[in-house]
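> Make a model of this:
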Amino acid sequence: MKAIVLTYDRNAVLTEHMIQCYNELWPDHPFIFRIPYQHDDRLTSFSQREYIKSAKDIKTTVLTLLEDLDEEEWIYWCIDDKYPIQLHVQQIKEIHDSIINHELDEISSILFCRARMMLKSKYLTRDGILFGNEKLLERKAYHQIWIHQFVKVKVIRYLFLNFPDIIENAKLLDALKRKIEKPEDHKLYVTSSNHAIFGESSSYGEILANCYESMKARNIVIPSWFKIDHAKSKTIGNL
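Numbering: from 1, shown residues only. Predicted coordinates:
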């Protein structure tokens, strides 16, 4: 399964950290990380990584990564600003296997980290689908679309096609997505139970304390251009 990484050259170390966390927590994960780059033509694709040359701007980057993929193809959407801290791997594998076996073709996304807005009923419809021992709850809009999740290409492509061509910084994406009306056939769901804890990597270009400690524990060298905010940590979800 293609894992679409929203990143750019300056943040390459955040992508490395994120992938390393997946490799440790889920050693047999099914992902081929599709990673954009702008300048380093020496990069070589291999078994779990596929490097795609792209322009630097956010909209073009995402549309380039999706360019050759069918609307109904499932991908794993994983931006570089999040990384896994804990995963209920067995439950997440069951979701993946059901997707691969075409058991969930009628829906468009499954978020398995139920946190923040997804804990509030006003962001959910009253519809749900039974899935194993729990329920998939339908989401009303694109809230929490930046958390890592299984999603069909058409959802991410539609979202970015409707963004302006020039996006000054990634923080603006939250406000922009709230202005986009979700089509009826974009059936987005979240699991009724939470199956993951994610860390946030950075805020306003500064690496957060939780990410710094995680990178330090893995002997990942942080480039000199990054500032560290040692006072701020952000995680998503509770197990």
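> so what's Asp165 up against?
Asp57, Lys59 (CB atoms under 8 Å, 6 or more residues apart in numbering). (Each C-beta comes from the backbone N, C-alpha and C, glycine too.)
> and it, how far is that from Lys171?
According to CB to CB, to the nearest Å, Asp165 stands 17 Å off from Lys171.
> Pull out the buried residues from the lowest-mean-pLDDT helix or strand in the chain.
Every helix and strand in the chain was compared by mean pLDDT, DSSP states H and E; the lowest is helix 172-177, with a mean of 89. Within helix 172-177, the residues that count as buried by 16 or more other CB atoms under 10 Å are Leu173, Lys177.
> what's in contact with the longest strand along the chain?
The longest strand of the chain (DSSP state E) is strand 124-131. The list of residues contacting strand 124-131 from outside it, by CB under 8 Å, 6+ apart, reads 95, 98, 107, 118, 135-140, 189-192.
> Could you export stretch 192-207 as CSV, keeping only the C-alpha atoms?
Extracted in CSV, the C-alpha atoms of stretch 192-207 (Å, rounded to 0.1, in the frame of the first residue of the first chain):
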residue,chain,number,x,y,z
SER,A,192,-15.3,3.8,18.1
SER,A,193,-12.2,2.8,20.2
ASN,A,194,-8.8,4.5,20.0
HIS,A,195,-6.0,2.3,18.6
ALA,A,196,-3.1,4.7,18.4
ILE,A,197,-1.1,7.5,20.1
PHE,A,198,0.7,9.9,17.8
GLY,A,199,3.2,12.6,18.6
GLU,A,200,3.3,15.9,16.9
SER,A,201,6.7,16.6,15.4
SER,A,202,6.8,20.4,15.2
SER,A,203,5.0,23.6,15.6
TYR,A,204,5.7,26.8,13.6
GLY,A,205,8.9,25.2,12.3
GLU,A,206,10.3,24.3,15.7
ILE,A,207,10.7,20.7,16.8
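> wait, Ile167 sits on Ile58?
Yes - taking CB atoms under 8 Å as the definition, Ile167 is a contact partner of Ile58 at 4.9 Å.
> more neighbours, these two?
Between Ile167 and Ile58, counted using other CB atoms under 10 Å, Ile58 has the larger neighbour count: 20 against 15.
> quick one: Met118 from Asn101, how far?
25 Å.
> With neighbour numbers in mind, choose between these two.
More crowded of Met118 and Asn101, by other CB under 10 Å: Met118, with 21 against 9.
> So for Glu168, what's the pLDDT?
Reported pLDDT at Glu168 in the predicted model: 82.
> hang on, it in a strand?
No - under DSSP: H, G, I helix; E, B strand; the rest coil, Glu168 sits outside any strand and is assigned coil.
> next one: phi and psi at it?
Summarising the backbone geometry of Glu168 under the convention degrees, to the nearest 10, its torsions are phi -60, psi -40.
> ok, now Glu16?
Listed backbone geometry of Glu16 is phi -60, psi -40, with angles given as degrees, to the nearest 10.
> need the contact list for it.
Going by CB under 8 Å, 6+ apart, the list of residues near Glu16 reads Ile220.
> Per-residue pLDDT of it, please?
The per-residue pLDDT reported for Glu16 equals 95.
> Would you mind measuring from it to Ser201?
Separation of Glu16 from Ser201 (CB to CB) stands at 11 Å.
> Now do the buried residues in the helix or strand containing Gly199.
Under the criterion DSSP states H and E, the helix or strand holding Gly199 is strand 196-200. Neighbour-count burial for strand 196-200, with 16+ other CB under 10 Å as criterion, is recorded at Ala196, Ile197, Phe198, Gly199, Glu200.
> which strands and helices sit next to it?
strand 82-87, helix 209-217, strand 235-236 (3 or more CB pairs under 8 Å, 6 or more residues apart in numbering; DSSP states H and E).
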